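Undergrad: mind folding the following:
(chains A, B, C and D)
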Protein chains: 2
Amino acid sequence: MKVTKEQAEQNRLALLEAAAQLFKQHGVDGVGVADICRLAGLTHGALYKHFSDKQDLAAQAFSHAFNVGHARASGAQAGRAPTLERYLRNYLSPRVRDDPADGCPLVATACETGRQGEGLSQSFAAGFLALRDGLAATLATDGPTGDRQALASVYVAALVGAMALSRGVAKADPVLADEVLAQVHAVLGAWPAAATDGE
Amino acid sequence: MKVTKEQAEQNRLALLEAAAQLFKQHGVDGVGVADICRLAGLTHGALYKHFSDKQDLAAQAFSHAFNVGHARASGAQAGRAPTLERYLRNYLSPRVRDDPADGCPLVATACETGRQGEGLSQSFAAGFLALRDGLAATLATDGPTGDRQALASVYVAALVGAMALSRGVAKADPVLADEVLAQVHAVLGAWPAAATDGE
DNA sequence: TGTACATCAGTGAACGCGCGTTCACTGATGTAC
DNA sequence: TGTACATCAGTGAACGCGCGTTCACTGATGTAC
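TA: As a prediction, this is how the structure comes out:
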């Protein structure tokens, strides 16, 4: 049965939301399209009216999730740029570690993006650049190499890596998992680059 | 048909090697047990004479791959401890990025370990601790928080994160992928903690 | 050393199941007149 | 505004396929005598 344009667009968004949540929780390879459609309240056939295939859905869901999260994180009060401390708190929280669906898609899909299609890689690269730029703007000084962008790359890498490591060890050693997040938070917040940070 | 004890042990190692290689390339969820057994030169039934299930194989293959790689990286000449620069070169090389089978299992499975069983998480945690200790021993000074272990955690997180990010953007933007590795290499090698490094 | 036989690593057919994708069909929407 | 009808988002059965695991069987190994 046909459906109003507004309803169709709403269904498309529901598919994106459901896909983003499940992909972040279980990985692209760990979720079936039927699960996604069920969570969105549709049957699996409908998916192919909005997306060409699972890879296309993954790429668009990544962009959607990143943009939503980025807007929420960096613009609670519009125009007020977030501080470095705010980035560290958002990224390195144990709550987010234990609930990947709430976290950044950059962390959730970092290791498997290389194994997926080029579309997802493009969304991933755009997300990385946006996060790196956002972080660079919060840094008080240039890094040891006199290159603020390079320093921001290190910060993004450390944030993503710390969360991935924390999640990886969590089942075997929850104490270590918390320790890693706390250590990286403390060190990244205390570097000279952050010393003159306003907050 | 039965087989000599030596042959059986050799087959077990072949399964571990094949599993490590394929898991690193395609992820645990991205490889079938039949593929692993085929690469090891056996049929899929044989696997269950050596490992209780796929999760058990994943956990043991991780430990095997990590120990082999760690020994090779840190002990080419036995007793000679590797320098920080050596760690950076090993971990952040574009060659390893393009051939995950040759790389560290910590990077390859970081993001998906949280979704797998507790056995893999235990192997993963042991690998993380070993790498963190190895790196801590190469650092010339404590970090800004006066805690050398915390600084080593940041280094491991940055190495793992940088490689994951580089692999993620590689398909969409190969130049950016190389840039990230070079930037992280430069910054981590130039921190005060590395300033008095011997090499 | 020679023989009889229990052991068990490896084989390959079979299991039930879920995968991604296709497609003929449905029927409310939205448009042309 | 009222009517006829083309559009197309959504449905659900069906496709071929590969998944992880089980199990009856094979036959060389390795041991007990």
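
Undergrad: list the contacts for A:L151?
TA: Applying C-beta atoms under 8 Å, 6 or more residues apart in numbering or on different chains, we find A:L151 in contact with A:A136, A:L139, A:D142, A:G143, A:T145, A:A193, B:V187. In short, each C-beta sits where N, CA and C put it, glycine included.

Undergrad: now do the helix or strand where it lies against helix B:148-170, angle only.
TA: Following DSSP states H and E, one finds A:L151 within helix A:148-170. Calculated by axes from the mean of the first three to the mean of the last three C-alpha atoms, to 10 degrees, helix A:148-170 forms an angle of 100 degrees with helix B:148-170.

Undergrad: show me the contact partners of the helix or strand A:A130 falls within.
TA: In this structure, A:A130 sits in helix A:118-138 according to DSSP H and E. Contact with helix A:118-138 is made by A:28, A:55-56, A:58-60, A:62-63, A:66, A:70, A:74, A:81-84, A:86-87, A:104-106, A:109-110, A:113-114, A:148-149, A:151-153, A:155-156, A:197, B:165, B:168-173, B:176, as judged by C-beta under 8 Å, 6+ apart.

Undergrad: DNA strand C: which of the contacts of A:L151 is nearest?
TA: Nearest to DNA strand C among these, counting by C-beta to the nearest atom of the strand, is A:A136 at 36.7 Å.

Undergrad: measure that closest one to A:L151 for me?
TA: Noted for A:A136: a distance of 7 Å to A:L151, by C-beta to C-beta, to the nearest Å.

Undergrad: quick check: residues of chain A near DNA strand D?
TA: Proximity of chain A to DNA strand D, by C-beta under 7 Å from any atom of the strand, involves residues A:1-3, A:7-8, A:11-12, A:42-46, A:49-50.

Undergrad: which among the residues you listed end up buried?
TA: Burial by neighbour count, 16 or more other C-beta atoms under 10 Å in any protein chain shown: within the residues of chain A next to DNA strand D this picks out A:N11, A:R12, A:L42, A:A46, A:H50.

Undergrad: now those in CSV, with secondary structure?
TA: CSV is the format used below for these (DSSP: H, G, I helix; E, B strand; the rest coil):
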residue, secondary structure
A:N11, helix
A:R12, helix
A:L42, coil
A:A46, helix
A:H50, helix
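
Undergrad: how about those residues in CSV, adding pLDDT and distance to A:R97?
TA: Output for those, formatted as CSV (pLDDT from 0 to 100; distance: C-beta to C-beta, whole Å):
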residue, pLDDT, distance to A:R97
A:N11, 97, 32
A:R12, 97, 30
A:L42, 96, 31
A:A46, 95, 33
A:H50, 97, 32
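
Undergrad: closest one of these to DNA strand C?
TA: A:A46 (8.3 Å).

Undergrad: which residue is the nearest non-sequential neighbour of the residue of chain A found nearest chain B?
TA: For chain A and chain B, the shortest gap (C-beta to the nearest C-beta) falls at A:G161, measuring 2.8 Å. Spatial nearest neighbour of A:G161, chain neighbours left out: B:G161 (2.8 Å); criterion: C-beta to C-beta, 6 or more residues apart in numbering or on different chains.

Undergrad: okay, which residue is most central for chain A?
TA: For chain A, the residue nearest the mean C-alpha position is A:C104 (2.0 Å; C-alpha atoms, centre = their mean).

Undergrad: for it, which non-adjacent residue is spatially closest?
TA: A:G69 (5.9 Å).

Undergrad: gap between the residue of chain A found nearest DNA strand D and DNA strand C?
TA: When scored by C-beta to the nearest atom of the strand, chain A has A:G45 as its residue closest to DNA strand D, at 2.0 Å. Using C-beta to the nearest atom of the strand, to the nearest Å, A:G45 is found at 4 Å from DNA strand C.
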